[in-house]
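[1] I need the structure of the sequence given here:
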Amino acid sequence: MKTSFKVHAALAVVVSALSLLTSALTLLPGQPVPYGGGLLPAVNFGLAFLLLIAMIVRWCALETTGVRLSSSVQWPALYSLPRITRIVLACLFVTGIALTAGSMIAGTSQQAGKAENGRYYAIDINSSRRERVEVSKSEFDGLVKKDRRAMHAISGMLAAGAATMTLIIGQLHPSTGWYLPPPQLDVLVRDRRSG
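    Okay, here's the model as predicted:
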């Protein structure tokens, strides 16, 4: 596998791990971490989205070589990755699912609104007009944490998906002289090209 695939996947794993760590930090008591603004969720999602776009470009490049990414090729390519790599990717997905599900299960009929002049507002999502409701500071902090937990977990899973697909594409990509697929993958790729 080319080094560029490994670097791309490693960056995606790092972004995923940092997003999931930030999501897990919202489980701690006290103020949301970090408290100010929505810049961190935007940066996390932006990085994950860029890595996903780069993965899609690599996928298109692989498709032009004649290799089709069907499930019959993806699973053997995934299983041909080192065991520790598969374990790390699985842990990232399971953590992301658990954090997202925890945020959804702890559902409430309110979303964090704004803090203005020392007063805290939430948005009632059950009302047809999405009314603003005044809440205490602790309720507001809880709503902010819940909202950010889901956003960070979703961007973490997006980055983990980009890492996984980048490694699969790297296993199947024939553009390098170092391409040495396991025998079962080589047979699948040859069968796809001839058919």
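[2] contacting residues for L47?
    15, 155, 159 (Cβ atoms under 8 Å, 6 or more residues apart in numbering). Backbone N, C-alpha and C define where each C-beta goes, glycine included.
[3] quick one, grab the pLDDT at it.
    You'll see L47 listed with a pLDDT of 89.
[4] distance of it relative to V144?
    Distance, L47 to V144, using Cβ to Cβ, to the nearest Å: 21 Å.
[5] do the same with L172
    Counting by Cβ to Cβ - L172 and V144 are separated by 43 Å.
[6] ok, Q74 next?
    For Q74 relative to V144 (Cβ to Cβ), the value is 38 Å.
[7] please apply the same query to A159.
    For A159 relative to V144 (Cβ to Cβ), the value is 22 Å.
[8] over to L51?
    Taken as Cβ to Cβ, the span from L51 to V144 is 26 Å.
[9] who's more crowded, these two?
    L51 (24 against 21; other Cβ atoms under 10 Å).
[10] surely the more buried one is within a strand?
    No: L51 is assigned helix when assessed by DSSP: H, G, I helix; E, B strand; the rest coil, not a strand.
[11] so it makes contact with A12?
    Yes: contact criterion Cβ atoms under 8 Å: L51 and A12 qualify, at 4.6 Å.
[12] shared neighbours of those two, which are they?
    What both L51 and A12 touch, as defined by Cβ under 8 Å, 6+ apart, is the set 159, 162-163, 166.
[13] out of those residues, grab the one that's most surrounded.
    A159 (31 neighbours).
[14] which SSE is it in?
    helix 137-172 (DSSP states H and E).
[15] quick one: buried residues of that helix?
    139-172 (16 or more other Cβ atoms under 10 Å).
[16] give the other helices and strands that it contacts.
    helix 3-25, helix 39-64, helix 71-79, helix 83-105, strand 110-116, strand 119-124, helix 183-194 (3 or more Cβ pairs under 8 Å, 6 or more residues apart in numbering; DSSP states H and E).
[17] can you say which of these is nearest to E134?
    Closest approach to E134 among these (Cβ to Cβ): strand 119-124, 5.8 Å.
[18] what average pLDDT does the closest one get?
    82.
[19] one more: stretch 6-24?
    Mean predicted lDDT for stretch 6-24 stands at 91.
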